[in-house]
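Peer 1: I'll drop the sequence and a predicted model, then ask my questions.
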Amino acid sequence: MGKKMKNSGFATRAIHAGQDFDPTTGAVIPPIYQSSTFVQTHVGGLRNGYEYGRGGNPTRDGLETQLAALEGGSHGLSFASGLAAEDALLRGILKPGDHVVIGNDAYGGTYRLINKIFGAWGVTHSVVDMSNLRSVQSAITPETRVLWVETPSNPLMKITDIAELAEVGHSAGLIVVVDNTFASPALQQPLSLGADVVVHSTTKYLGGHSDVIGGALVLNDDEIHDKVRFMQFAAGAVSAPMDAFLTSRGVKTLDVRMQRHSENAQAIAEYFAEHAGVDTVYYPGLESHPGHALAATQMSRFGGMLSLAFTGGERVARRFAESTRVFQLAESLGGIESLVNYPAEMTHASVAGTELAVPANVIRLSVGLESIDDLLADVDRAIGSAVKKR
Ligand SMILES: *Cc1c(COP(=O)(O)O)cnc(C)c1O
């Protein structure tokens with residue numbers, strides 16, 4: 001098996017890219033190199049380039065190769081968290097005085113990073129509706145260096161045309177970054193649509209089992225790669241060997257998981273679309289969703305995330321979130337188990353009172369891989385009791 005396997009199908013790459021068997025023992029699954037340092041043959045005599053674990057570790061390298069193959073990029077970089085990946089990227093490509101354009105429904109932690117950390121460093125930002133290319137264009141200044149987009153977005157599942165955004169960005173000489181956490185490369189591959197850098201919280205669908213925190217970048221540009229690779233080494237927010245192993249293991253089943261996540265979410269969305277207690281279902285797989293047609297062109301399926309706005313307002317939203325039994329009340333997403341989240345006070349609490357605040361009548365579901373009959377029975381019972389209680 002070639003290391004990058006460029007011409008193989010997605011599921012084959014997910015299982016084999018960067019995951020060659022161990023040549024010493026024949027172990028089908030490559031070992032976890034739980035080692036901080038590597039013996040040298042003589043002073044400066046490195047074996048396969050390995051010296052010290054922050055600079056390189058075979059388990060992490062295997063994951064980086066695997067992730068690059070999935071997104072169709074030349075370079076993959078693995079970090080201790082999604083935000084660590086974002087921090088290394090922005091520190092690598094920005095300098096004080098630069099400006100970033102970010103979506104008005106970006107992940108709260110990304111906004112906080114750009115606003116609080118990079119703001120203090122002298123980087124400014126504008127918050128716009130990224131799905132509206134006119135407002136993106138008018139936010140670009142001579143100092144702008146980066147367009148940062150999430151599609152589908154969190155939690156309102158807005159869809160942005162990646163190819164068009166990349167054109168707008170490139171005509172102004174900007175770096176176009178897509179946070180592909182919600183879709184995963186199984187459903188959407190932004191580099192092939194013209195994006196420059198793909199960001200992941202691998203904590204979510206890539207890891208897929210809610211048992212590891214991690215982040216990644218995938219890109220083609222050698223110059224950006226050199227800068228970010230240096231940040232990864234010099235600032236040191238690398239993923240640990242065990243975390244890299246767990247993520248690689250999760251990635252191997254990504255293709256089948258995303259199929260089932262998407263099927264289950266579609267069924268839940270269709271259930272709520274017919275329910276009088278729900279005002280709006282935010283799911284790109286519904287024809288009523290304003291981004292449905294666009295999503296169908298740039299995504300192969302519509303994913304496992306959906307949000308609901310309740311007719312009965314905040315009270316019903318809170319009661320619903322506290323009434324489900326199979327859907328557990330917790331932050332995060334993308335795992336095998338179904339989760340319910342009340343964004344206004346959980347995932348998006350850090351952006352309360354800002355342009356990114358989420359309405360109080362909205363809940364977000366991460367639809368897991370449980371039997372769909374059990375999931376439907378759970379939400380049916382929960383909305384029944386949420387609407388009834390007073
Ligand atoms: C969770 C998340 C992040 C941050 O990742 P961490 O692994 O929690 O640091 C970034 N973007 C999106 C879309 C996320 O859901």
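Peer 2: Yep, that arrived.

Peer 1: hey, let's count contacts and neighbours off CA atoms from now on
Peer 2: Fine.

Peer 1: now this structure against the ligand: closest residue?
Peer 2: Gly82 (3.4 Å; CA to the nearest ligand atom).

Peer 1: what is the burial count for that residue?
Peer 2: By other CA atoms under 10 Å, the residues close to Gly82 number 24.

Peer 1: and Ala234, by the same measure?
Peer 2: Using other CA under 10 Å: Ala234 sits among 12 other residues.

Peer 1: next: Thr144.
Peer 2: Thr144: 23 neighbours (other CA under 10 Å).

Peer 1: Asn132 too?
Peer 2: Neighbours around Asn132, by other CA under 10 Å: 13.

Peer 1: phi first, then psi, for it.
Peer 2: With angles defined as degrees, to the nearest 10, Asn132 sits at phi -110, psi 100.

Peer 1: relative to Pro290, how far out is it?
Peer 2: Here the criterion is CA to CA, to the nearest Å. By it, Asn132 lies 12 Å from Pro290.

Peer 1: I'd say the residue of the chain closest to the ligand and Gly215 touch.
Peer 2: Yes: if you go by CA atoms under 8 Å, Gly82 and Gly215 touch, sitting 3.6 Å apart.

Peer 1: anything in contact with each of these two?
Peer 2: Common contacts of Gly82 and Gly215 (CA atoms under 8 Å, 6 or more residues apart in numbering): 199-203.

Peer 1: which residues of the stretch 201-350 of the chain lie near the ligand?
Peer 2: Contacts of the stretch 201-350 of the chain with the ligand, taken as CA under 6 Å from any ligand atom, map to 201, 203, 213-215.

Peer 1: among the residues you listed, name the ones in strands.
Peer 2: 201, 215 (DSSP state E).

Peer 1: redo the residues of the stretch 201-350 of the chain next to the ligand as JSON lines? Include neighbour count.
Peer 2: Formatted as JSON lines, these follow (neighbours: other CA atoms under 10 Å):
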{"residue": "Ser201", "neighbour count": "27"}
{"residue": "Thr203", "neighbour count": "26"}
{"residue": "Ile213", "neighbour count": "19"}
{"residue": "Gly214", "neighbour count": "26"}
{"residue": "Gly215", "neighbour count": "28"}
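
Peer 1: and which of the residues of the stretch 201-350 of the chain next to the ligand is nearest Ser184?
Peer 2: Using CA to CA, Ser201 comes nearest to Ser184 of these, at 9.7 Å.

Peer 1: so the closest one bridges to which residues?
Peer 2: Beta-bridge partners for Ser201, by DSSP bridges, are Gly215.

Peer 1: ok, Gly334 - how many residues close by?
Peer 2: 31.

Peer 1: got a list of what it touches?
Peer 2: When contacts are taken as CA under 8 Å, 6+ apart, Gly334 is in contact with 182, 203-206, 208-210, 304, 366-368.

Peer 1: can you do 7 Å?
Peer 2: If you count contacts by CA atoms under 7 Å, 6 or more residues apart in numbering, Gly334 has them with 204-205, 208, 366.

Peer 1: give me every residue that touches Tyr282.
Peer 2: With CA under 7 Å, 6+ apart, Tyr282 has these contacts: 156-157, 289, 306-308.

Peer 1: any idea how far it lies from Asp226?
Peer 2: In this view, Tyr282 and Asp226 are 39 Å apart by CA to CA.

Peer 1: swap in Glu314?
Peer 2: Counting by CA to CA, the gap from Glu314 to Asp226 is 48 Å.

Peer 1: which one's more surrounded, these two?
Peer 2: Higher neighbour count among Glu314 and Asp226: Glu314, with 18 against 13, using other CA under 10 Å.

Peer 1: I'd like the next helix or strand past the particular helix or strand that has the more buried one in it.
Peer 2: Taking DSSP states H and E as the criterion, the element that holds Glu314 is helix 313-323. Downstream of helix 313-323, the next assigned helix or strand under DSSP H and E is strand 328-329.

Peer 1: avg pLDDT for that next one?
Peer 2: Strand 328-329 carries an average pLDDT of 98.

Peer 1: residues in contact with it?
Peer 2: 321-322, 338-341.
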